[in-house]
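1. Curious how this folds, go ahead:
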Amino acid sequence: MKVSATDGEMNARLASWLGFLRAARKVTLQSLAQAHGTQRSNLSAFITSGGKIRNISADKLRGVLFELGALSDGALKPGLHRWHVTSDMITNMCELLTLNGCERAFVFELGSGYGVYLVAQVASNILIFASLPPEATEAVKAGLRQLAEMVRVITLDRAGDSQIQALWMTQDDSVVQSSLVNLMG
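-> Numbers count the residues shown, from 1 in each chain. Predicted structure coming up:
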């Protein structure tokens with residue numbers, strides 16, 4: 001299928017968002033494909049080609065993106081978004097947060113040095129809670145440099161380590177969301 005330059009740019013963004021959100025939420029391509037009535041290979045080809053190969057309808061792509069927590073323009077859905085972010089995913093995460101206009105963000109470094117958590121509020125009803133590798137603080141600050149005045153880095157003590165790790169393990173999103181809002185002050 002021949003696509004215009006504008007469509008090509010939009011497909012590239014969609015592919016980037018789909019790839020990031022799928023990996024960050026630890027969702028398999030197979031489960032997404034089955035849920036949306038398409039082939040895993042078509043979804044994979046779209047993501048890995050950066051949107052250049054599109055053997056999947058725009059409606060199905062929008063549906064997959066919505067299931068992963070975003071709209072086709074990159075806006076995040078209301079609610080709590082839990083992401084497992086590796087070092088190679090930090091750039092994509094920061095681009096998505098910048099696009100959504102993050103209101104405030106906290107980088108919580110575990111005092112033990114074993115990890116970093118990002119808590120970012122995009123709007124009153126949109127909250128990101130991301131687990132990051134221990135060395136991620138500087139990369140996140142660099143990636144969110146446009147929002148630098150809204151990003152605070154806090155090194156936690158042992159009690160804080162326990163509190164944030166307990167929140168990460170809590171399954172009830174409403175409890176986690178209200179606790180994180182309280183933690184941010």
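
2. chain center to stretch 178-185: distance?
-> Remark: stretch 178-185 is offset 19 Å from the chain centroid, using C-alpha atoms, centre = their mean, to the nearest Å.

3. any idea of the mean pLDDT for it?
-> In this model, stretch 178-185 has a mean pLDDT of 88.

4. what do you get for stretch 104-120?
-> Averaged over stretch 104-120, pLDDT sits at 90.

5. Which element, helix or strand, includes the closest residue to Ser72 other than its chain neighbours?
-> Sequence neighbours aside, Arg62 is the residue nearest to Ser72 in space, at 4.8 Å (criterion: C-beta to C-beta, 6 or more residues apart in numbering). Quick note: C-beta positions are derived from backbone N, CA and C, even for glycine. Arg62 belongs to helix 58-67 when elements are defined using DSSP states H and E.

6. could you check the angle helix 58-67 makes with the lengthiest helix in the chain?
-> Under DSSP state H, the helix in the chain containing the largest number of residues is helix 5-24. Orientation check (axes from the mean of the first three to the mean of the last three C-alpha atoms, to 10 degrees): helix 5-24 against helix 58-67 gives 40 degrees.

7. Downstream of helix 5-24, the next helix or strand is which one?
-> Following helix 5-24 in sequence order, the next helix or strand is helix 29-35 (DSSP H and E).

8. what packs against the helix holding Arg62?
-> Contact here means 3 or more C-beta pairs under 8 Å, 6 or more residues apart in numbering; DSSP states H and E; on that basis helix 58-67 packs against helix 5-24, helix 29-35.

9. Buried ones in the last one, by neighbour count?
-> Residues of helix 29-35 classed as buried: 29, 32-33 (neighbour count, 16 or more other C-beta atoms under 10 Å).

10. which SSE is Gly160 in?
-> With secondary structure defined by DSSP H and E, Gly160 is part of helix 158-169.

11. Could you pull out the buried residues of the following helix or strand past that helix?
-> Towards the C-terminus, the helix or strand next in line after helix 158-169, according to DSSP H and E, is helix 173-184. By 16+ other C-beta under 10 Å, the buried positions in helix 173-184 come out as 176-177, 179-180.

12. now do stretch 108-123
-> For stretch 108-123, the neighbour count (16+ other C-beta under 10 Å) marks 108-110, 115-122 as buried.

13. how long is it from one end to the other?
-> Length of stretch 108-123, first residue to last, C-alpha to C-alpha, to the nearest Å: 20 Å.

14. quick one: contacts for Val85?
-> Residues in contact with Val85, defined by C-beta atoms under 8 Å, 6 or more residues apart in numbering, are 24, 93, 118, 130-133, 136.
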